[in-house]
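Enquirer: got a structure for you, letters missing:
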């Protein structure tokens, strides 16, 4: 019921699809007075409020920073709508998911692969963000196809999944926390593409899921890059493990044991107020 309430406002207004790609800049998305991160409001693409001083900022830099979060937010709503349709059969939810996916299919190749920071991408400025987005697109598409919408699935497969998968696969990030998301996206895309070989590479390749579970996670289950990255990397690993289970693929027990310890690791290293230490390049350090 809470998920249904969350998508309800999308039925009452036109769905906005940005024509610009997201951009990482020194000023975008931050208060011009004190650097505080501006609030994200999916209904306000041009007005961005500072939670500290209350000032509202406008302009292209702030808008394109907002686009980063909006593209991820909208892709997640396509998953929620598709899942709600699968569970409840409300045609409005199927239509919402279908419209979001088809709108992205029409626009994906129009986003330029430039102004990037970490790897190639069309909608964002780093490959791992496109991976998080593609993962959601694939899950929503799979749910709709399972419900019988083969036309939308084919359109998304041809115009998004194929070109985005090729782009992500061409930027292997080794044992980076970001590679956990690249693997998850490619694992979600593989069955849509009918490419079992690609799925195996995402699991057993040098920087595949198995490698990240056994070398990225330390013996106590903590992510080797530090607490600042543990939750982010671990969520990507969680998607990978779940996708393997859903497809009937097995992961060695010792890797799963280490993965299970990863759920406890944040509690074992938490400070007395249950915040995480701010080591390495945390924004709070």
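Expert: Yep, that arrived. Keep in mind that what you see is a predicted model, and the values were worked out from it rather than measured.
Enquirer: next, residue 173: secondary structure please.
Expert: Classification of residue 173 by DSSP: H, G, I helix; E, B strand; the rest coil places it in coil.
Enquirer: so what's it up against?
Expert: By CB atoms under 8 Å, 6 or more residues apart in numbering, the contact list for residue 173 reads 119, 127, 128, 179, 182, 207. To be clear about C-beta, it is placed using only N, CA and C from the backbone, and glycine gets the same treatment.
Enquirer: and the second one, how many neighbours?
Expert: Same thing as residue 127. 26 (other CB atoms under 10 Å).
Enquirer: wait, it touches residue 117, no?
Expert: No - using CB atoms under 8 Å, residue 127 makes no contact with residue 117, being 9.5 Å away.
Enquirer: sorry, back to before: return the subset of the contacts of residue 173 lying in helices.
Expert: With helices taken from DSSP state H, the overlap with the contacts of residue 173 comprises 127, 128, 179, 182.
Enquirer: stretch 178-195: which residues count as buried?
Expert: Buried residues in stretch 178-195, defined by neighbour count with 16 or more other CB atoms under 10 Å: 178-192.
Enquirer: which of the residues you listed sits closest to residue 6?
Expert: Lowest distance from residue 6 to the buried residues of stretch 178-195 (CB to CB) belongs to residue 188, with 22.0 Å.
Enquirer: surely the closest one touches residue 133?
Expert: No - here residue 188 does not reach residue 133: they are 11.2 Å apart, not a contact under CB under 8 Å.
Enquirer: can you map out the strands along this protein?
Expert: 48-49, 56-57 (DSSP state E).
Enquirer: packing partners for the last one?
Expert: Meaning strand 56-57. strand 48-49 (3 or more CB pairs under 8 Å, 6 or more residues apart in numbering; DSSP states H and E).
Enquirer: who touches the strand it packs on?
Expert: In contact with strand 48-49 (CB under 8 Å, 6+ apart) are residues 29, 38, 39, 41, 55, 56, 57, 58, 62, 63, 65, 66.
Enquirer: tell me the confidence at the closest residue to residue 107 other than its chain neighbours?
Expert: Leaving aside its chain neighbours, residue 107 sits nearest to residue 17 (6.0 Å; criterion: CB to CB, 6 or more residues apart in numbering). Note on residue 17: pLDDT of 93.
Enquirer: check contacts around residue 17.
Expert: Contacts of residue 17 (CB under 8 Å, 6+ apart): 74, 103, 104, 107.
Enquirer: spatially central residue for this structure, please.
Expert: Of all residues in the chain, the one closest to the mean position by CA atoms, centre = their mean is residue 132, 2.0 Å from it.
Enquirer: not counting sequence-adjacent ones, nearest residue to that one?
Expert: residue 181 (5.4 Å).
Enquirer: for residue 253, see how far away the closest residue to residue 252 other than its chain neighbours is.
Expert: Excluding the flanking residues, the one nearest residue 252 by CB to CB, 6+ apart is residue 210, at 6.9 Å. To residue 253, residue 210 is 12 Å away according to CB to CB, to the nearest Å.
Enquirer: and the longest helix anywhere in the chain, what other elements does it pack with?
Expert: What stands out as the longest helix in the chain, according to DSSP H, is helix 60-88. Counting by 3+ CB pairs under 8 Å, 6+ apart, the packing neighbours recorded for helix 60-88 are helix 2-7, strand 48-49, helix 91-107, helix 127-146.
Enquirer: chain center to it: distance?
Expert: 10 Å (CA atoms, centre = their mean, to the nearest Å).
Enquirer: got the angle between it and helix 91-107?
Expert: Going by axes from the mean of the first three to the mean of the last three CA atoms, to 10 degrees, helix 60-88 is angled at 140 degrees with respect to helix 91-107.
Enquirer: which of the residues in helix 60-88 are buried?
Expert: In helix 60-88, residues buried by neighbour count (16+ other CB under 10 Å) are 61-68, 70-72, 74-85.
Enquirer: ok, stretch 203-212 next?
Expert: 203, 207, 208, 209, 210, 211, 212.
Enquirer: measure that stretch end to end?
Expert: Stretch 203-212 has its terminal residues 9 Å apart, counting by CA to CA, to the nearest Å.
Enquirer: residues contacting the closest residue to residue 83 other than its chain neighbours?
Expert: In this structure, residue 83 finds its nearest non-sequential neighbour in residue 143, 5.9 Å apart by CB to CB, 6+ apart. Contacts for residue 143 (CB under 8 Å, 6+ apart) come out as 79, 82, 83, 85, 86, 97.
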